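sharing a model prediction with you, sequence too.
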Amino acid sequence: MISENIHNDGRLGSLLLNLHDDGSTGSLAVKEGEKDFKLYLKKGSLVYADGIDKEGPLLVELVSKGKIDLRQLDELRVLKQEDPHGLGKVLLDRMIVSEALWRKFLLLKVKAVLSAAFDMENPDLLFNESELSLLPVNFIRDESLPFVLDTIRSTTPRTGLREILRSKDTVFSLSSDVSSCKARLPVNPSEEKTLSLIDGQKTAKEILKSSGLTSRLFQKSLYFLIRLGLVDTVPQQRRISSEHSHIIRLYLNLLLIVEANFRQEIGKRSQKVFNKCVTDMAFPGKALFSDLDLVNENPESAAKKIGAHFTEQKTLSDARLVLLTSFSKLLYLLIMRMKKLLGKKRAVKTIQEMINALVHFDLGKKNPETMLYATGNLKDLLRQLRS
């Protein structure tokens, strides 16, 4: 018996994907409050689901269409109570329903149960690995994974999730196993586009604008990705503000100028110089720049890495000041090391290059206070070198 506890809204979707990939056979209990559903899998494929009475309404409909009389209705109701999974065989053996009608009924029932299960907010999930005692006549014949995915796409999001999907300021991140999941999932173009834009930094509004999708199509795609556990919301305390993001990107440009000047003289050994300077820093500055690779990483990746380290610092009383002073300290250490290794002239030239570059940074225009702070610090450093 396997108990699964996977994160938030994607728990059920993630578990079904894992069971499908593992080729598992058994029953998955999905419980929340008074709702109690059971999904049956055979070699990883969803073959049946129970927990919503669809047989009762079917029998009433058969009476209304003259397929059975009231006496037969009572008999079949008793049979259903005694053997809940034996009704289909009886209906087929007595030729009360056709195989086509029974297959259609099974699909509707399984879809109804699956949709209701995905509508749960935080269900208890328990998978019992065992051989199925169900008769094959109760198995749906549709290919399992596309059926599950199409059911998710057609399920109406519950109220709380609808509010998240409509929120313009919500930030979304990718799950750790998104790469392996994406490779085996037949996502449609809008889902793939949405997935490619989620980075843990952009708000829903920014993703929607970049995607070129309609609001409705974007929300449907996002819901699908959340339900499969590929995407989750980023808690407010872990988000990085636009101001902090601007600071990181502006100073990263300055660091890249310093790195380029080092590299002209000592090649890729410049990374060793950078690492030594980071090691000489105190926390939290040391934590912000740990495992950063300015030689091999692209600027976007480096900015995300610094942002991720920044959000992990839980004791920042003045986050903006911490960012500014940490970057300033690192630049100071790098310039002092440059003076020692490459000479005062090269260090002065590099500072002047950074000051000139600040004037042309679009990021500086968005945050003039940061640009003034950075310019002031660099001019102070220049005076210190020349004195």
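Thanks, I have the structure now.

please report how far the most centrally placed residue in the chain lies from Ile164.
By C-alpha atoms, centre = their mean, the chain has its centre lying nearest to Val231, at 1.8 Å. According to C-beta to C-beta, to the nearest Å, Val231 stands 11 Å off from Ile164. (C-beta placed from N, C-alpha, C; glycine too.)

and what of Ser173?
13 Å.

cool, Glu34 as well?
Distance from Glu34 to Ile164, counting by C-beta to C-beta: 25 Å.

pick out whichever of those two has more residues nearby.
Taking other C-beta atoms under 10 Å, Glu34 and Ile164 do not tie; Ile164 has more neighbours (17 against 5).

tell me the secondary structure of that one, please.
On the three-state scheme (DSSP: H, G, I helix; E, B strand; the rest coil), Ile164 is labelled helix.

switch to numbering from 588
Noted, 588 is the first residue going forward, which turns the last one into Ile751.

residue ranges with poor pLDDT in the stretch 638-787 of the chain?
763-771 (pLDDT under 70).

and the helices in it?
642-651, 657-669, 674-680, 686-705, 731-741, 746-753, 765-771, 776-784 (DSSP state H, counting those that start in this stretch).

show me the chain divided up by domain.
The record assigns the chain these domain ranges, following automatic domain parsing: 589-718, 746-825, 829-973.

can you put these in JSON lines and add distance to Val724?
Compiled in JSON lines, the domains of the chain are given as follows (distance: least, C-beta to C-beta, whole Å):
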{"stretch": "domain 589-718", "distance to Val724": "5"}
{"stretch": "domain 746-825", "distance to Val724": "29"}
{"stretch": "domain 829-973", "distance to Val724": "53"}
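
among the ones you listed, which comes closest to Thr738?
Proximity to Thr738 (C-beta to C-beta) singles out domain 589-718 among the domains of the chain, at 4.8 Å.

and the closest one, how far out from the chain middle?
Here domain 589-718 is found 29 Å from its chain centre; the criterion is C-alpha atoms, centre = their mean, to the nearest Å.

next one: stretch 777-787
9 Å.

what's that stretch in contact with?
Here stretch 777-787 makes contact (C-beta atoms under 8 Å, 6 or more residues apart in numbering) with 758-761, 765, 769, 774, 794, 797-800, 804-805, 807-809, 811-812, 817-818, 821, 891, 895.

and stretch 880-894, by the same measure?
786-788, 827, 831-832, 835-836, 839-840, 842-843, 846, 850, 855, 857-858, 861, 875-876, 878-879.

buried members of these into PyMOL, please.
What follows is the PyMOL syntax selecting those of the contacts of stretch 880-894 that are buried according to 16 or more other C-beta atoms under 10 Å:
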select buried, resi 787+788+827+831+832+835+836+839+840+842+846+850+857+858+861+875+876+879
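
mind checking which of the contacts of stretch 880-894 are in helices?
Using DSSP state H, the subset of the contacts of stretch 880-894 located in helices is 831-832, 835-836, 839-840, 842-843, 846, 850, 857-858, 861, 875.

which one of these sits closest to Ala961?
Using C-beta to C-beta, Asn840 is the member of those that sits closest to Ala961, with 9.9 Å.

verify the stated contact: Thr742 with Asp706.
Yes. Between Thr742 and Asp706 a contact is recorded at 6.7 Å, counting by C-beta atoms under 8 Å.

which one's more surrounded, the two?
Thr742 (18 against 15).

and the more buried one, its phi and psi?
Reported as degrees, to the nearest 10, the phi and psi values for Thr742 are phi -80, psi 130.

for it, which non-adjacent residue is spatially closest?
Computed as C-beta to C-beta, 6 or more residues apart in numbering, the closest residue to Thr742 that is not its neighbour in sequence is Ser702, at 4.5 Å.

quick check: the one you found vs Leu674, distance?
As judged by C-beta to C-beta, Ser702 and Leu674 stand 22 Å apart.

and the two? Which one has more around it.
Leu674 (21 against 16).

what about the more buried one, distance to Arg749?
Distance of Leu674 to Arg749, computed by C-beta to C-beta: 36 Å.

do the same with Phe897
Separation of Phe897 from Arg749 (C-beta to C-beta) stands at 31 Å.

comparing those two, which residue is more hemmed in?
When Phe897 and Arg749 are compared for neighbours, Phe897 comes out ahead with 22 against 13, by other C-beta under 10 Å.

so that one touches Ser832, yeah?
No. The pair Phe897 and Ser832 fails to qualify as a contact (C-beta under 8 Å) at a distance of 9.5 Å.
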